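Participant: sequence first, predicted coordinates after that:
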Amino acid sequence: MDRHHVILKTSFIAIILVIVIHQGTRRFCYRFFVQPPDNYIDDVIKPQIDAKQGSLKKVQVGVKHSSFRRRFIQAAVNPQLYSTMPLTTAQTQQSQSETDGKANSTTTTKKPANNNVDIQRIAKVDVESESQKQHFLTQLKPKLPDDPTRRILFGFFHPYADANGGGERVLWDAVHETLLADKRYITMIYTFTSTEDKSVSAMLTEVKSVFGIDLFQEQMNNRVVFIQLSNKYRWLINGSSYKMLTIIGQALGSIATFWMAVYHCSPDIFIDTLGLPFTYPCASFFLGVPVVSYTHYPLISSDMLNKLGNPIGKNPYILAKFLYWKFMMKLYAICGAFSDLTVCNSTWTVNHIKNVWSWVDETNAPSILYPSTGLDETKIADPVNSVKERKFLFVAQFRPEKRHELLLKEYNNYLQLTEEEHPYELILVGSTRSKTDELTVERLRELIAKLKIEKHVTIKVNATRAEVDHYLAISEFGLNPMWKEHFGITVVEYMFNGLIPLVHASAGPLLDIVVPIDPASGEFVSPSD
């Protein structure tokens, strides 16, 4: 047998092995995550209901948490009751004693949310009467994919769902539109929480307060299920957890977080709205579900490689870094191939994704879907002719890349140079996601004190939507000093409210938003930046 035949035979065997492994793995995952035990309704569910015991023992559920919770959600009168997060906190439950929280045996009041993630329970509202019980048992039975009564579970993978930034607005707008599209659609939010006492009610109330997105209308909130991830594993996707090889560390961490999430309930459609692409092969290859990606910024871009320049002839560290980034870029492109639908938030992002995902063509190329800005909720009579106050406004999360410190230093320079009796006031409005962000705010306050500009600067942390609208209504200039802001939702809000935008000439603000009428004007280049 010549070498050519050996290569053909080896290739054929390899292809067969890949197919067998793929089909075998997918079948295993289906049985593990989707299919409950045989006769589970007669052997497990009915006896528990008849004995008026809502809680299923761990030995009855075993490792089938996902398959049980999926069926419960699809059969429930109120799917939200099968969240792994408490419905209300200890502070709010008493005032809501007449709500579904009282009727649901899954409600916790004083224990941290993560204490209940491993317990499967049947909501009382589903079995209170004989007719309700029979309806629940009937709905527990499997339904064909084309059954018009079958509920579809949309899994939104967004581990920082309560961060209250621009990315979270995209998440909650997507959830809202999904729920409006069809009453059969159930949305599941896979997320960590910033504190241990978060509840479903608190989360949705915060969404309404911060973004003006009302998920309580028409009882849409009943179709929002929270799958709370254990906060002790939050470090897995936190870049600061990895002193070296951050990208690969976060990649492996996101994969581990994905499996923790679907262990509690696997989706019918997997949607990543945070930007964790290494989860796509897990959802597509193993679970066999469609993958939708909303990309805010590329995980790795050509800009990163260009900053290193030509590594040949440089020190070994630069060369190793270049090869590492190049390798991760190839893996990033492979992961992108598992996304069935990819949309990006800006021209800058989509151009970089097309460049990195070099395999894309016209049939599967990423497209642009600009993020919602909340303009429908913003009420202003006449943004152009309304009276404005002498204020600079900067709305952004308190994170280092937003460059608040640079802004404060430049504002201090302005105060030193101006001869005006009443200089412009600077207002910083934004949210914090974690202790790290809170420390950022503290450092900003220290810098303000050091520069002795306290009477000219206001910091508003975790402002409500109404407060943000107020500042947008009264301020004259809107600022954004961030370098290569991927899109810049707040810049759109500035312009809509009649503020004059002063923004960094890069990425989203330059290419999509603050576009000069005359391309030769409107851009000031400073050698200091």
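Facilitator: Yep, it's here. Numbers count the residues shown, from 1 in each chain.
Participant: helix/strand/coil for Glu421?
Facilitator: coil (DSSP: H, G, I helix; E, B strand; the rest coil).
Participant: count of neighbours near it?
Facilitator: Per other Cβ atoms under 10 Å, the neighbour tally for Glu421 reads 5. C-beta coordinates here come from the backbone N, C-alpha and C atoms, glycine included.
Participant: against Val387, how distant is it?
Facilitator: 19 Å (Cβ to Cβ, to the nearest Å).
Participant: with Ser293 instead?
Facilitator: As for Ser293, its distance to Val387 is 44 Å (criterion: Cβ to Cβ).
Participant: higher neighbour count, these two?
Facilitator: Applying other Cβ under 10 Å to Ser293 and Val387 shows that Ser293 carries more neighbours, namely 25 against 7.
Participant: check contacts around that one.
Facilitator: Contacts for Ser293 (Cβ atoms under 8 Å, 6 or more residues apart in numbering) come out as 271-272, 277, 280, 336, 339, 341-343.
Participant: for it, helix, strand, or coil?
Facilitator: Under three-state DSSP, Ser293 comes out as strand.
Participant: show me which pair in the contacts of Ser293 is furthest apart.
Facilitator: Farthest-apart pair in the contacts of Ser293 is Ile271 and Gly336; separation 15.1 Å (Cβ to Cβ).
Participant: now, which of the contacts of Ser293 sits nearest Trp357?
Facilitator: Gly336 (4.3 Å).
Participant: which pLDDT value belongs to the closest residue to the closest one other than its chain neighbours?
Facilitator: Among residues not flanking Gly336 along the chain, Trp357 sits closest, at 4.3 Å (Cβ to Cβ, 6 or more residues apart in numbering). Here, the pLDDT recorded for Trp357 equals 83.
Participant: does Trp357 touch Cys335 like I think?
Facilitator: No. Using Cβ atoms under 8 Å, Trp357 makes no contact with Cys335, being 9.2 Å away.
Participant: for the protein, name the helix or strand with the lowest mean pLDDT.
Facilitator: Lowest mean confidence among the helices and strands of the chain (mean pLDDT, DSSP states H and E): helix 100-103, at a mean of 40.
Participant: out of the contacts of Ser293, which sit inside strands?
Facilitator: Among the contacts of Ser293, DSSP state E puts 271-272, 341-343 in strands.
Participant: and the residue nearest to Gly336, how many residues sit next to it?
Facilitator: 23.
Participant: please compute how far stretch 28-42 lies from its chain's middle.
Facilitator: Stretch 28-42 sits 29 Å away from the centroid of its parent chain (Cα atoms, centre = their mean, to the nearest Å).
Participant: send the alpha carbons of it over as PDB?
Facilitator: Extracted in PDB, the C-alpha atoms of stretch 28-42 (Å, rounded to 0.1, in the frame of the first residue of the first chain):
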ATOM      1  CA  PHE A  28     -24.900  12.000  26.100                       C
ATOM      2  CA  CYS A  29     -25.500  15.700  26.700                       C
ATOM      3  CA  TYR A  30     -29.100  15.400  25.600                       C
ATOM      4  CA  ARG A  31     -29.800  12.600  28.000                       C
ATOM      5  CA  PHE A  32     -27.900  14.400  30.800                       C
ATOM      6  CA  PHE A  33     -29.200  18.000  30.400                       C
ATOM      7  CA  VAL A  34     -32.600  17.600  28.600                       C
ATOM      8  CA  GLN A  35     -34.200  14.200  29.100                       C
ATOM      9  CA  PRO A  36     -35.500  13.400  32.600                       C
ATOM     10  CA  PRO A  37     -35.400   9.800  34.000                       C
ATOM     11  CA  ASP A  38     -37.800   7.300  32.500                       C
ATOM     12  CA  ASN A  39     -41.300   7.300  34.200                       C
ATOM     13  CA  TYR A  40     -40.200  10.300  36.400                       C
ATOM     14  CA  ILE A  41     -43.700  11.700  36.500                       C
ATOM     15  CA  ASP A  42     -45.200   8.500  38.000                       C
END
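Participant: mind listing what's buried in that stretch?
Facilitator: Judged by neighbour count using 16 or more other Cβ atoms under 10 Å, the buried positions of stretch 28-42 are 29, 32-36, 40-41.
Participant: go ahead and confirm Thr84 touches Ile227.
Facilitator: Yes. Between Thr84 and Ile227 there is a contact at 5.5 Å, judged by Cβ under 8 Å.
Participant: a markdown table for the buried residues of stretch 28-42, including distance to Ile21, secondary structure and pLDDT?
Facilitator: Shown next, in a markdown table, are the buried residues of stretch 28-42 (distance: Cβ to Cβ, whole Å; DSSP: H, G, I helix; E, B strand; the rest coil; pLDDT from 0 to 100):
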| residue | distance to Ile21 | secondary structure | pLDDT |
| --- | --- | --- | --- |
| Cys29 | 12 | helix | 87 |
| Phe32 | 16 | helix | 89 |
| Phe33 | 18 | helix | 91 |
| Val34 | 19 | coil | 90 |
| Gln35 | 20 | coil | 90 |
| Pro36 | 25 | coil | 91 |
| Tyr40 | 29 | helix | 88 |
| Ile41 | 33 | helix | 90 |
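Participant: tell me which of those residues is nearest to Glu446?
Facilitator: Here the nearest of the buried residues of stretch 28-42 to Glu446, counting by Cβ to Cβ, is Phe33; it sits at 49.0 Å.
Participant: check contacts around that closest one.
Facilitator: Applying Cβ under 8 Å, 6+ apart to Phe33 gives the contacts 66-67, 262-263, 266, 287.
Participant: count the residues that sit near Leu56.
Facilitator: 17.
Participant: quick check: the closest residue in space to it that isn't next to it in sequence vs Gly62, distance?
Facilitator: In this structure, Leu56 finds its nearest non-sequential neighbour in Gln120, 4.3 Å apart by Cβ to Cβ, 6+ apart. In this view, Gln120 and Gly62 are 10 Å apart by Cβ to Cβ.
Participant: and those two? Which one has more around it.
Facilitator: Higher neighbour count among Gln120 and Gly62: Gln120, with 23 against 11, using other Cβ under 10 Å.
Participant: name all residues that make contact with that one.
Facilitator: Per Cβ under 8 Å, 6+ apart, neighbours of Gln120: 55-56, 60-61, 65, 68-69, 72.
Participant: 10 Å - rerun?
Facilitator: If a contact means Cβ atoms under 10 Å, 6 or more residues apart in numbering, then Gln120 has 44, 48, 54-58, 60-61, 64-65, 68-69, 72, 82, 84, 106, 264 as its contacts.
Participant: quick one on the thing from earlier: Lys460: which of the buried residues of stretch 28-42 is nearest?
Facilitator: Once Cβ to Cβ is applied, the member of those that ends up nearest Lys460 is Phe33, at 43.8 Å.
Participant: returning to that earlier point: list residues touching both of Gln120 and Gly62?
Facilitator: Shared contacts of Gln120 and Gly62 (Cβ under 10 Å, 6+ apart): Phe68.
Participant: got the buried residues for stretch 199-207?
Facilitator: 199-204, 206-207.
Participant: can you pull out the strands in the protein?
Facilitator: For the chain, the strands defined by DSSP E occupy 55-56, 120-121, 152-157, 185-191, 224-228, 269-272, 291-295, 341-344, 367-368, 389-395, 425-430, 457-461, 475-480, 500-503.
Participant: can you put those strands in JSON lines and add distance to Phe216 and mean pLDDT?
Facilitator: Shown next, in JSON lines, are those (distance: least, Cβ to Cβ, whole Å; pLDDT from 0 to 100):
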{"stretch": "strand 55-56", "distance to Phe216": "28", "mean pLDDT": "81"}
{"stretch": "strand 120-121", "distance to Phe216": "24", "mean pLDDT": "78"}
{"stretch": "strand 152-157", "distance to Phe216": "18", "mean pLDDT": "98"}
{"stretch": "strand 185-191", "distance to Phe216": "14", "mean pLDDT": "98"}
{"stretch": "strand 224-228", "distance to Phe216": "10", "mean pLDDT": "96"}
{"stretch": "strand 269-272", "distance to Phe216": "22", "mean pLDDT": "98"}
{"stretch": "strand 291-295", "distance to Phe216": "24", "mean pLDDT": "95"}
{"stretch": "strand 341-344", "distance to Phe216": "27", "mean pLDDT": "94"}
{"stretch": "strand 367-368", "distance to Phe216": "31", "mean pLDDT": "92"}
{"stretch": "strand 389-395", "distance to Phe216": "25", "mean pLDDT": "93"}
{"stretch": "strand 425-430", "distance to Phe216": "25", "mean pLDDT": "94"}
{"stretch": "strand 457-461", "distance to Phe216": "25", "mean pLDDT": "93"}
{"stretch": "strand 475-480", "distance to Phe216": "31", "mean pLDDT": "93"}
{"stretch": "strand 500-503", "distance to Phe216": "34", "mean pLDDT": "90"}
